[in-house]
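Asks: here you go, sequence then predicted model.
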Amino acid sequence: MNDLDEVRRIMAPADPCPPGAFDGAAHDPAGRAAYERITASEARRSGPSRRTTFRLVAAGGVAGALIAGAAVATGGSGEQPAPVAATETQRVLNVAATFALKQPFTAPRPGQWVYTETRYRRSGAPGRGQVVRPGSPLKTQVDRNWVRADGRRMALYDHGKLVTSATGGGMPPIDYATVAKLPTDPDGMLAWARAQETPNEPNGGAFQLLGSLLLNNGALPPAQTAAAYRAMAKIPGVTVDRAAKDGAGHKAISVSFLIEGWAKDEILLHPSTYAYKGHRTTVAKDHTMPDGGRFLKGAVDSYSVRLAAGVVDRPGQRP
């Protein structure tokens, strides 16, 4: 398929695959626990997970952007700029951004709440003498959370009782009022991501923060969603695998960055609709932690998948 065929295909109506289609196919950026273990540094724990929704917007110049890519080579005086062919990573993430801009979106009112249900599966950090290897058991947890759109309150169940509290901040932001103010252009979004906590490895930290932004927000506006995808395309070292599979064996597009040379951090996209499905971190190279615990190549550190999300009028209510 050439780029023009790709443009024609994505501009046709397309329905994202149903929630849960990628069971067990993701990483857990919500708490950034995996990143803390990978970089052996202290990082702030982010808030609970959120799902992304979108709306239809005008997308002028889409064909040119997808075919020519974002970069051009400038010729000498009087010469027309020569287009530079987009890389596979740029093509995939530009298409994902275009799809995001096509999806319907209704912004929540300040008094409404955004509900998200996310399933996490984690190996846990190995202690001294412990080894996480391919096939090691994973602990499963399903989180159900509500965040008020104005960012002032959040709610979750604690031992069967619905408890509300202040959101407590965190990075990335998890409320609509804050994320709606994030940059809408790729350069601005990337600058924002790099300005946050990205210990040891700025590119890897920015990649994971942008992935966490996509997962952690149930009402991320379409312009910010598209900017996040296109910002990822500007990060050196980000790669794409169209032949990937998720943890359930379903086909997926993997967009990944190798952190610290051993941990492969991924976002997973649907292979036809390019809809965002979740995160996953796997071990690309044997690694020994400072305390002596070991990860073996091929092991899964963690993954997560969004099961449901929507806007409701009160905490405890589901869409």
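Replies: Looks like it arrived, so ask away.

Asks: so what's Y274 up against?
Replies: 10, 92, 95-96, 99, 253 (C-beta atoms under 8 Å, 6 or more residues apart in numbering). C-beta here means a position set from N, CA and C on the backbone, and glycine is covered the same way.

Asks: adding pLDDT, neighbour count and secondary structure, write those residues out as TSV.
Replies: Shown next, in TSV, are the contacts of Y274 (pLDDT from 0 to 100; neighbours: other C-beta atoms under 10 Å; DSSP: H, G, I helix; E, B strand; the rest coil):
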residue	pLDDT	neighbour count	secondary structure
I10	38	19	helix
V92	96	25	helix
V95	96	22	helix
A96	96	27	helix
F99	95	24	helix
I253	96	22	strand
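
Asks: nearest to R318 among the residues you listed?
Replies: Taking C-beta to C-beta as the measure, R318 lies nearest F99 of the contacts of Y274, at 26.0 Å.

Asks: which strand or helix spans the residue nearest to that closest one when sequence neighbours are not counted?
Replies: Spatial nearest neighbour of F99, chain neighbours left out: Y274 (4.6 Å); criterion: C-beta to C-beta, 6 or more residues apart in numbering. Counting by DSSP states H and E, there is no helix or strand that carries Y274.

Asks: ok, how many other residues are close to R294?
Replies: By other C-beta atoms under 10 Å, 17 other residues sit near R294.

Asks: pretty sure T167 sits against Y176.
Replies: No: T167 is not in contact with Y176 according to C-beta atoms under 8 Å; the separation is 11.7 Å.

Asks: what is in contact with the two at once?
Replies: In terms of C-beta under 8 Å, 6+ apart, T167 and Y176 are both contacted by the residues G151.

Asks: more crowded one of those two?
Replies: Neighbour comparison, T167 and Y176: the larger count goes to Y176, with 26 against 18 (by other C-beta under 10 Å).

Asks: surely the more buried one meets F105?
Replies: No: look at Y176 against F105 with C-beta under 8 Å: they stay out of range, at 10.9 Å.

Asks: mutual contacts of the two, please.
Replies: In contact with both Y176 and F105: P221, using C-beta under 8 Å, 6+ apart.

Asks: quick one, helices of the protein?
Replies: 3-10, 33-39, 62-68, 88-102, 176-179, 186-195, 202-216, 222-232 (DSSP state H).

Asks: could these be laid out in JSON lines, adding distance to L138?
Replies: Listed next are these as JSON lines, based on distance: least, C-beta to C-beta, whole Å:
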{"stretch": "helix 3-10", "distance to L138": "34"}
{"stretch": "helix 33-39", "distance to L138": "12"}
{"stretch": "helix 62-68", "distance to L138": "38"}
{"stretch": "helix 88-102", "distance to L138": "27"}
{"stretch": "helix 176-179", "distance to L138": "30"}
{"stretch": "helix 186-195", "distance to L138": "28"}
{"stretch": "helix 202-216", "distance to L138": "18"}
{"stretch": "helix 222-232", "distance to L138": "26"}
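
Asks: for the ones you listed, which has the smallest mean pLDDT value?
Replies: Here the helices of the chain differ in mean pLDDT, and the lowest is helix 62-68 at a mean of 27.
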